[in-house]
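Enquirer: Requesting a structural model of the entry that follows:
(chains A and B)
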Amino acid sequence: MRILVNGAWRETVAAELSTVLDELGYGEAVVTTAVNGEFVAAGVRPRTRLAEGDRVEVLAPMQGG
Amino acid sequence: MLQLYGTALRSRLLLGSARYPSPAVLTEAVRAARAEVVTVALRRESGGERAGQGFWSIIRELGVRVLPNTAGCHSVKEAVTTAHMAREVFGTPWIKLEVIGEDDTLQPDVFGLTEAAGILCAEGFEVFPYTTEDLVVAERLLAAGCRVLMPWGAPIGSGRGLNNLFGLTALRAHFPDVPLIIDAGIGVPSHAARALELGFDAVLINTAVAQARDPPRMAAAFAQAVEAGRAARLAGPIEPRDLATPSTPVIGTAFRG
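Expert: Modelled structure (predicted):
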């Protein structure tokens, strides 16, 4: 299945958002996620099933003004 | 002391964390500014590089309170989702709400701003809206639940200072009890001092410090300016006059009469 992660297409066999994050190497990193523009809290990631073409955002703290 | 949503702060200088030449300079600047609040943002994180993790550990080591922003958001939906994500990562209900309406000036979309503010305040966020000096918009933001306003001085990063003194003075006079923080456009410490002299409660500075030749030294200069401006406000500045008045008493002047 192909999904869009932070604007780049990725091929994944994982169905759940938490597994996809592990596959992509986020591990224990402090990140926050959204799927198709909707916030997905950390606790909900294991039961958030992804579908072909889903848009996933993975964000982390960054410099800001 | 400055009170923002029930949090008492000694420093009236809030500092942005972007555009510094290095993380070490950012750290030095925050310390030199004696800032207690630092703004932060969210950006896409790569699982390989994890650039955000190092930044976050630097901020945590500084021991400051963070004010996450929704910079770069152009719609209510984007801003509200970003606020939700920021609350999870940063663990604070504070959010500096930006909904940008125009790319050349980065002027706030005040219609989207008031709508997003209403949604977020209802959800328990403590919203710091980046707004203009418009009185009607300010009224709407307060009605939406905001208890702090952040009017711009000038467009973000422009360094032009307080562009609309009349409008900002009117805003201050109209809302004497609302904490007002000048956000954006301040270029040099004298601009910040002026803001505090006019009765604004605090200033948020980023580019003017981060892009200075010596950011920590400029941060210290801003800290002094903010303290001076606040002290002057409390001391009660004189009103400007059109004609001279002698400061030395004229009674008893020699060689007269």
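
Enquirer: So what's the residue count around the residue in the stretch 101-250 of chain B that chain A sits nearest to?
Expert: In the stretch 101-250 of chain B, the residue that lies nearest chain A is B:Asn206 (3.6 Å; C-beta to the nearest C-beta). Any C-beta I mention is one placed from the backbone N, CA and C, and that applies to glycine too. B:Asn206 has 24 neighbours, counted by other C-beta atoms under 10 Å in any protein chain shown.

Enquirer: I'd like the distance between it and A:Thr32.
Expert: 23 Å (C-beta to C-beta, to the nearest Å).

Enquirer: what do you get for A:Ile3?
Expert: For A:Ile3, the distance to A:Thr32 - C-beta to C-beta - is 17 Å.

Enquirer: swap in A:Leu59?
Expert: Counting by C-beta to C-beta, the separation of A:Leu59 from A:Thr32 is 5 Å.

Enquirer: Which residues are in contact with each of those two?
Expert: B:42, B:85, B:89 (C-beta atoms under 8 Å, 6 or more residues apart in numbering or on different chains).

Enquirer: Isn't B:Arg12 up against B:Leu2?
Expert: Yes. Contact criterion C-beta atoms under 8 Å: B:Arg12 and B:Leu2 qualify, at 5.5 Å.

Enquirer: re the thing from before, which one's more surrounded, A:Ile3 and A:Thr32?
Expert: Legend: neighbour count by other C-beta under 10 Å for A:Ile3 and A:Thr32, higher for A:Thr32 (23 against 20).

Enquirer: Go ahead and confirm the more buried one touches A:Val56.
Expert: No. Counting by C-beta under 8 Å, A:Thr32 sits too far from A:Val56 to count as a contact (11.6 Å).

Enquirer: follow-up on the earlier one: now that we have the shared contacts of A:Leu59 and A:Thr32, which one has the most neighbours?
Expert: B:Leu42 (26 neighbours).

Enquirer: Leaving out sequence neighbours, find the closest residue to that residue.
Expert: Leaving aside its chain neighbours, B:Leu42 sits nearest to A:Leu59 (4.1 Å; criterion: C-beta to C-beta, 6 or more residues apart in numbering or on different chains).

Enquirer: Give the closest residue to the residue most central in space within chain A in space, chain neighbours not counted.
Expert: The C-alpha lying nearest the average C-alpha coordinate of chain A belongs to A:Val56 (C-alpha atoms, centre = their mean; 4.6 Å). Of all residues not flanking A:Val56 in the chain, A:Val5 sits nearest, at 4.7 Å (C-beta to C-beta, 6+ apart).

Enquirer: Pull the contacting residues for that neighbour.
Expert: By C-beta under 8 Å, 6+ apart, A:Val5 lies in contact with A:20, A:24, A:56, A:58.

Enquirer: again, only this time at 7 Å
Expert: Contacts for A:Val5 (C-beta atoms under 7 Å, 6 or more residues apart in numbering or on different chains) come out as A:24, A:56, A:58.

Enquirer: okay, now the first one: neighbour count?
Expert: This points to A:Leu24. Using other C-beta under 10 Å, A:Leu24 has 19 neighbouring residues.

Enquirer: Can you report how many residues neighbour the nearest residue to it once chain neighbours are set aside?
Expert: Excluding its sequence neighbours, the residue lying closest to A:Leu24 (C-beta to C-beta, 6+ apart) is B:Gly47, at 3.9 Å. Neighbour count of B:Gly47, defined by other C-beta under 10 Å: 18.

Enquirer: Shouldn't B:Gly47 be within a strand?
Expert: No. Read with DSSP: H, G, I helix; E, B strand; the rest coil, B:Gly47 is coil and lies in no strand.

Enquirer: Now it: phi and psi?
Expert: Dihedral pair for B:Gly47: phi -60, psi -20, per degrees, to the nearest 10.

Enquirer: what does chain B have sitting close to chain A?
Expert: Residues of chain B lying close to chain A (C-beta under 7 Å from any C-beta of the partner chain) are B:16-18, B:39-45, B:47-48, B:50, B:52-53, B:55-56, B:59, B:69, B:71, B:77, B:81, B:84-85, B:88-89, B:206-207.
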